[in-house]
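> Sequence and predicted model, in that order:
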Amino acid sequence: MPAVRGDGMRGLAVFISDIRNCKSKEAEVKRINKELANIRSKFKGDKTLDGYQKKKYVCKLLFIFLLGHDIDFGHMEAVNLLSSNKYTEKQIGYLFISVLVNTNSDLIKLIVQSIKNDLGSRNPVHVNLALQCIANIGSKEMADAFGNDIPKLLVSGETMDVVKQSAALCLLRLFRTTQEIIPGGEWTSRIIHLLNDQHMGVVTAACSLIEALVKKNPDEYKGCVSLAVSRLSRIVTASYTDLQDYTYYFVPAPWLSVKLLRLLQHYPPPEDPGVRGRLNECLDTILNKAQEPPKSKKVQHSNAKNAVLFEAISIIIHSDSEPNLLVRACNQLGQFLSHRETNLRYLALETMCLLATSEFSHEAVKKHQETVINALKTERDVSVRQRAVDLLYAMCDRSNAEEIVQEMLNYLETADYSIREEMVLKVAILAEKYAQDYTWYVDVILNLIRIAGDYVSEEVWYRVIQIVVNREDVQGYAAKTVFEALQAPACHENMVKVGGYILGEFGNLIAGDSRSAPAVQFQLLHSKYHLCSPGTRALLLTTYIKFINLFPEIKGQIQEVLKSNSNLRSSDAELQQRASEYLHLSITTTTDVLATVLEEMPPFTEKESSILAVLKKKSGRMSAQEAQKEARVQARENNAVPALEKVQNAQLNNSTSADLLGLSTPPATQNNNQSNTGVLVDVLGDLYGGSNSNTHNGTSSSPSLTSSGAVDNIKKFVCKNNGVLYENDIIQIGIKSEFRQNLGRIGVFYGNKTSMPLQGFTPAVSVGPGQQGKVTVQVKPVEPSVDAGAQVQQLVNCECVEDFNGLPDLSVSFTYGNVPQRLALRLPLSCNKFFEPTDMNGESFFARWKNLSAPAQEAQKIFKATSPMENASIKTKLLGFGMQLLEGIDPNPDNYVCAAIIHTRTQQIGCLLRLEPNRQAEMYRLTIRASKESTSSILAELLAEQF
């Protein structure tokens with residue numbers, strides 16, 4: 001809003017003063033209505049209003065709108081202000097349009113023409129006003145209208161610097177709305193060379209634009225690397241007096257420096273030795289300047305200086321190829337750990353988490369272990385303590401695991417409730433990952449349950465049971481330890497679960513001691529029984545029946561418990577069923593049969609621990625850099641199998657690898673062709689459970705998918721609407737669709753299964769020749785980046801205009817690990833999706849069947865069965881195809897008849913189906929009749945492939 005003083009708009013100042021002086025809401029509304037009536041009469045009655053008066057009244061309308069009142073007039077007067085040559089009038093016109101005019105307004109053509117006139121003006125102020133208006137509106141219509149003009153304005157040699165700056169930012173705003181606005185080819189080079197512009201403002205604006213373009217298409221804009229390094233070098237080596245207009249508290253161009261450093265992080269280290277050396281010199285200089293005494297005591301100076309420093313450290317970590325720079329960066333961050341500024345300590349801890357994953361700087365980070373542990377104990381801010389926990393987790397290895405785990409356990413007793421669950425997961429992972437003695441691992445998990453039982457998830461206690469079952473050398477110790485833990489007066493329910501399972505399996509290993517005799521074990525467990533939830537009670541009942549097999553001498557005591565009314569007549573159906581079945585099992589079966597049924601559980605199949613996936617889901621803070629470093633950590637751990645583990649593997653026949661996170665090389669006898677889906681939590685698993693995927697511990701893996709293969713399930717979608725369409729090691733694509741008459745909506749879910757983000761993510765849907773003009777699709781755009789382990793949804797709205805053949809194309813392009821990927825798939829949108837099932841009796845069916853007797857209305861196919869000819873399977877496919885199954889109509893009970901109507905925009909197409917299976921010959925005869933001649937053959941082709 002222009003300033004009132006000096007601008008002469010006294011009426012506006014008086015009106016604002018009146019509004020502020022109103023004592024009630026009613027008085028304010030009354031004053032506004034009075035003013036609106038006055039403005040309306042002026043606009044209608046006075047045809048001689050000059051620009052000043054129009055500006056004043058439009059300002060009043062704008063102020064009223066900002067107060068929350070609707071404005072339904074004055075738009076034309078605002079558009080008229082755009083043609084004024086006075087800056088203040090034109091500015092108010094553009095401001096009103098940016099705020100109040102809808103892109104669907106009838107005035108949009110006039111507005112676009114006025115903006116075009118100003119873009120062609122030789123007055124840079126007018127051009128800037130037009131560019132700002134375009135950016136403020138930022139709609140697709142604006143992108144379409146000015147998509148050709150703004151790039152020309154940006155790269156033209158005649159354009160003034162201040163206009164170039166605005167053009168770059170305007171183009172960035174439109175690019176975020178419509179990515180196709182940026183032309184390719186020779187424009188790419190011209191845009192990149194803006195980094196060489198003499199005007200620093202142009203370079204700063206262009207850098208923001210180029211970074212956005214790089215995210216979409218890094219290969220096309222890779223020429224920017226050398227120019228960015230050159231410009232960065234000039235800034236870093238310059239004195240603050242050299243760039244006086246762009247120096248901020250003695251720091252030369254800090255914003256531009258940060259933008260250039262971020263831009264370079266989208267690419268691997270430069271291959272050109274000269275460019276690489278120059279970049280390393282820049283980074284070295286930035287680290288040196290961080291050691292210099294501050295040139296100012298003001299906080300703005302340290303903020304600007306540290307902003308550049310932290311971005312420089314980020315690119316050092318990203319490159320991960322210069323040991324000297326990595327160690328220097330670590331030492332610099334170590335100084336910040338004891339800084340009096342809380343924000344600096346937070347950032348230092350967060351950045352050192354990334355440094356800890358590099359093989360070059362991991363040892364340097366470990367030197368600060370005591371400082372980090374002290375921060376964990378003394379920091380007042382919980383967010384800083386959280387980062388300290390993260391850093392301890394990241395710096396942990398086999399040499400310091402026991403010390404770090406013990407410190408985290410000690411802190412867990414007094415830790416904030418907001419971080420306890422994540423701490424529990426991290427302690428569980430570290431104890432499993434670096435256990436050189438699995439008795440220590442058992443002790444740690446039982447301590448976890450004792451200290452923070454409410455925060456120990458099922459995955460944690462499931463995992464300790466899997467490990468104990470799989471390792472004979474730790475079973476006796478685990479049974480003894482859990483027996484002792486259960487003797488505590490207050491015992492968490494998770495401890496009862498672990499104790500029930502372990503004692504049920506291995507209680508016999510400690511039964512020789514009179515202090516843990518069978519009867520003592522049973523009484524100890526049963527003393528907790530009535531304090532537990534139904535799920536835990538069900539587990540304990542299973543333990544009791546196992547005790548009958550292990551310890552026949554206490555069979556009578558256990559049977560009395562199973563006979564009790566609280567179990568046999570329990571309100572919980574599961575408890576009632578278990579008690580009844582276990583009681584009869586103990587009474588009616590022989591000892592041999594009982595021993596066979598209740599024999600010890602076999603070892604679990606070794607697989608990647610699900611706790612890691614749960615941790616990522618809980619924390620939700622994994623950055624792209626962390627994801628990239630995770631692979632390096634795993635590679636380093638691959639070569640760190642402890643000697644104890646090798647001895648145990650040699651002693652145990654058919655033993656699997658003791659590295660229970662799946663980080664070590666598995667034995668040769670183990671099947672290692674498993675899909676690496678530990679990162680992606682399968683959101684589709686709950687929706688689309690079925691034969692396409694197996695779900696374990698919240699992760700999904702396809703049974704037919706190898707580590708390098710892919711599964712395309714497009715054929716199965718003819719007879720279903722939901723499921724996993726495509727899956728490989730990188731991405732999982734799921735479908736959830738619904739249709740009503742001739743309209744449909746398809747939700748396409750893209751899940752990133754990797755630990756790195758997918759950049760330049762561009763899915764596109766297009767119709768082929770068989771669907772052109774017959775089916776329409778509208779696709780909602782998605783974000784150009786899919787984070788590690790994340791999932792995005794894209795909605796596709798579709799309409800059936802008339803019957804069509806084939807499927808639309810689904811193209812998915814993205815960059816993974818700087819390698820372009822492209823998937824050419826098909827969208828499961830076939831003609832039968834627009835079926836409406838129709839019920840009819842036998843008389844109506846055969847009458848209709850006879851009416852559709854023209855040769856062109858019928859399509860018949862005879863084909864060999866490719867799957868078992870089971871009645872239930874056939875019915876499921878016909879119902880999934882979308883038709884109504886009419887039972888008891890065909891004279892031959894083995895045949896199937898169906899009816900449905902296809903809804904299109906132009907007509908309704910009646911369809912009848914008859915399927916005749918010949919089970920002896922393993923053949924089918926499929927006959928489809930439709931009221932439209934081309935439809936029957938389309939449907940017959942679709943359905944025949946399903947049997």
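That came through, no problem. Just so it is clear, the structure is predicted and the values come from calculations on it, not from any experiment. Numbers count the residues shown, from 1 in each chain.

> all helices of the stretch 1-150 of the chain, in order?
Using DSSP state H, counting those that start in this stretch, the helices of the stretch 1-150 of the chain run over 10-20, 25-45, 51-66, 75-81, 87-100, 108-119, 124-137, 140-146, 149-155.

> confidence score at residue 33?
Note on residue 33: pLDDT of 92.

> can you check residue 104 too?
pLDDT, read off for residue 104, is 64.

> Number of residues surrounding residue 905?
For residue 905, the count of nearby residues is 14 (other Cβ atoms under 10 Å). (Glycine included, C-beta is placed from N, CA and C.)

> Tell me if I'm right that it and residue 801 touch.
Yes - using Cβ atoms under 8 Å, residue 905 is in contact with residue 801, at 4.7 Å.

> Tell me how many other residues surround residue 116.
14.

> Repeat that for residue 476.
Neighbours around residue 476, by other Cβ under 10 Å: 15.

> again, but for residue 194
The tally of other residues near residue 194 (other Cβ under 10 Å) stands at 21.

> ok, now which ones touch the closest residue to it other than its chain neighbours?
Excluding its sequence neighbours, the residue lying closest to residue 194 (Cβ to Cβ, 6 or more residues apart in numbering) is residue 206, at 3.7 Å. For residue 206, the contacting residues are 164, 168, 191, 194-195, 197, by Cβ atoms under 8 Å, 6 or more residues apart in numbering.

> Next, give me the two most distant ones among those.
Greatest spatial distance among the contacts of residue 206 (Cβ to Cβ): 164 and 195, at 12.5 Å.

> Pretty sure the residue nearest to residue 194 sits in a helix.
Yes - assessed by DSSP: H, G, I helix; E, B strand; the rest coil, residue 206 belongs to a helix.

> Identify the contacts common to residue 905 and residue 801.
Joint contacts of residue 905 and residue 801 (Cβ under 8 Å, 6+ apart) are residue 742.

> most centrally placed residue in this structure?
Nearest to the geometric centre of the chain sits residue 790, at 1.9 Å (Cα atoms, centre = their mean).

> Which pLDDT value belongs to that residue?
Residue 790 is assigned 84 on the pLDDT scale.

> dump the residue contacts of the closest residue to it other than its chain neighbours.
Ranked by Cβ to Cβ, 6+ apart and with sequence neighbours excluded, the top spatial neighbour of residue 790 is residue 752, at 5.5 Å. Shown in contact with residue 752 (Cβ under 8 Å, 6+ apart): 679-680, 730-731, 758, 786-791.

> confidence score at residue 295?
With respect to pLDDT, residue 295 has a value of 88.

> and it, that's in a strand?
No - going by three-state DSSP, the assignment for residue 295 is coil, not a strand.

> That one and residue 237: what is the separation?
16 Å (Cβ to Cβ, to the nearest Å).

> where do the helices sit along the stretch 651-800 of the chain?
Going by DSSP H, counting those that start in this stretch, the stretch 651-800 of the chain shows helices at 684-687.

> if we can go back for a sec, buried among the contacts of residue 752? Make that a ChimeraX selection.
Those of these that count as buried under 16 or more other Cβ atoms under 10 Å are selected in ChimeraX with:
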select :679,680,730,731,758,786,787,788,789,790,791
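
> Throw the contacts of residue 752 into CSV and include distance to residue 447, thanks.
CSV is the format used below for the contacts of residue 752 (distance: Cβ to Cβ, whole Å):
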residue, distance to residue 447
679, 29
680, 31
730, 39
731, 40
758, 40
786, 39
787, 34
788, 31
789, 29
790, 34
791, 35
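
> Which ones among the contacts of residue 752 lie within strands?
Using DSSP state E, the members of the contacts of residue 752 that fall within strands are 731, 791.

> Just the ones of the contacts of residue 206 in helices?
164, 168, 191 (DSSP state H).

> Now rank those by neighbours and give me the top one.
residue 168 (28 neighbours).

> show me the contacts for it.
Residue 168 neighbours (Cβ under 8 Å, 6+ apart): 154, 194, 202, 205-206, 208-209.
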